[in-house]
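**Q** can you look at this prediction? I've put the sequence above it.
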Amino acid sequence: MNTKVLVVEDEPVFLRRFCDAVATGPALTLCGSATTIAEALALLDRTAPDVVLADLGLPDGNGIDVIRHAMRGHPDRDVIVITMFGDDGHVIDSIRAGATGYLLKDALPRDIAGAILQVRGGGSPISPAIARRVLQSLQHQGPAATTADEADAGGALLSRRETEVLRLVAKGLSFKEVGAALDISSHTVITHVKRVYQKLAVHSRGEAVYEASQMGLL
């Protein structure tokens, strides 16, 4: 079954480019496109996409609202941000809202299609320049300060297996690769991930990894 993709972008040139990347990509189906948040929210409910490819700078507001709406009640859905904004603030805000991938608009069409397939396989595609900068920022910040009570609560919150799964997901492994590493099925991995979402009150892999790191679990 093909992966259904909704594209949210207000600039005509980029909208055509992103839609073409999806339409010509392997095992991908373009189920709709929107140029505003209002259009995107209506299409989300009507077309039920597997993946949303969304810009952040939209004429009627912030694309973060699209991410939150897309992920609400749909933990299996993925959102890839594709934007001109590559600063740490926009990246972290997007991940916390539920984004599972982050690309810059200079990404090649084949890389966009590849990122969509990667995210559906359990990966978290991110433009190399952004990944490098965010990693450097986190290294300069050092580990997040966590109280003993928070660490104890976090440790009790997740089971040993759930923590193992989350740590491997944080390293960028797909669900299939996590399953192979732990000698369990990818279906079982997904079950563990869903339980992690529920326990941490999050809606995506990226958000789960972020919250777990803040709690000192990773």
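**A** Nice, thanks for sending it over.
**Q** use CA for all of it now, contacts and neighbours both
**A** Noted.
**Q** list the buried ones in stretch 163-171?
**A** Using 16 or more other CA atoms under 10 Å as the test for burial, stretch 163-171 gives 163, 164, 165, 166, 167, 168, 169, 170.
**Q** equivalent analysis for stretch 91-103, please.
**A** Quick answer for stretch 91-103 (16+ other CA under 10 Å): 91, 92, 94, 95, 96, 97, 98, 99, 100, 101, 102, 103.
**Q** and the buried residues of stretch 163-171, which of them are in helices?
**A** Mapping those onto helices (DSSP state H) picks out 163, 164, 165, 166, 167, 168, 169, 170.
**Q** including distance to residue 198, could those go into a markdown table?
**A** Converted to a markdown table, those look like this (distance: CA to CA, whole Å):
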| residue | distance to residue 198 |
| --- | --- |
| 163 | 14 |
| 164 | 16 |
| 165 | 15 |
| 166 | 13 |
| 167 | 17 |
| 168 | 18 |
| 169 | 16 |
| 170 | 17 |
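**Q** so which of those residues is the closest to residue 46?
**A** residue 169 (30.8 Å; CA to CA).
**Q** residue 190: what's it in contact with?
**A** residue 175 (CA atoms under 8 Å, 6 or more residues apart in numbering).
**Q** that one and residue 128, how far apart?
**A** Separation of residue 190 from residue 128 (CA to CA, to the nearest Å): 26 Å.
**Q** again, but for residue 23
**A** 25 Å.
**Q** of the two, who's got more company?
**A** Legend: neighbour count by other CA atoms under 10 Å for residue 23 and residue 128, higher for residue 23 (16 against 12).
**Q** least confident secondary structure element in the protein?
**A** helix 148-157 (a mean of 49; mean pLDDT, DSSP states H and E).
**Q** residue 89 is in contact with residue 130, correct?
**A** No. The pair residue 130 / residue 89 is not scored as a contact, 11.3 Å apart, by CA atoms under 8 Å.
**Q** more crowded one of these two?
**A** residue 130 (18 against 10).
**Q** where does the protein have low pLDDT?
**A** 132-156, 203, 218 (pLDDT under 70).
**Q** okay but residue 51 is in contact with residue 5, surely?
**A** Yes. With contact defined as CA under 8 Å, residue 51 reaches residue 5; the gap is 4.9 Å.
**Q** for the residue nearest in space to the middle of the chain, give me its contacts.
**A** Taking CA atoms, centre = their mean, the centroid of the chain lies closest to residue 100, which sits 0.7 Å from it. Shown in contact with residue 100 (CA under 8 Å, 6+ apart): 78, 79, 80, 119, 124, 125, 204, 205, 206, 207.
**Q** now it: how far from residue 35?
**A** 21 Å.
**Q** equivalent analysis for residue 4, please.
**A** Counting by CA to CA - residue 4 and residue 35 are separated by 18 Å.
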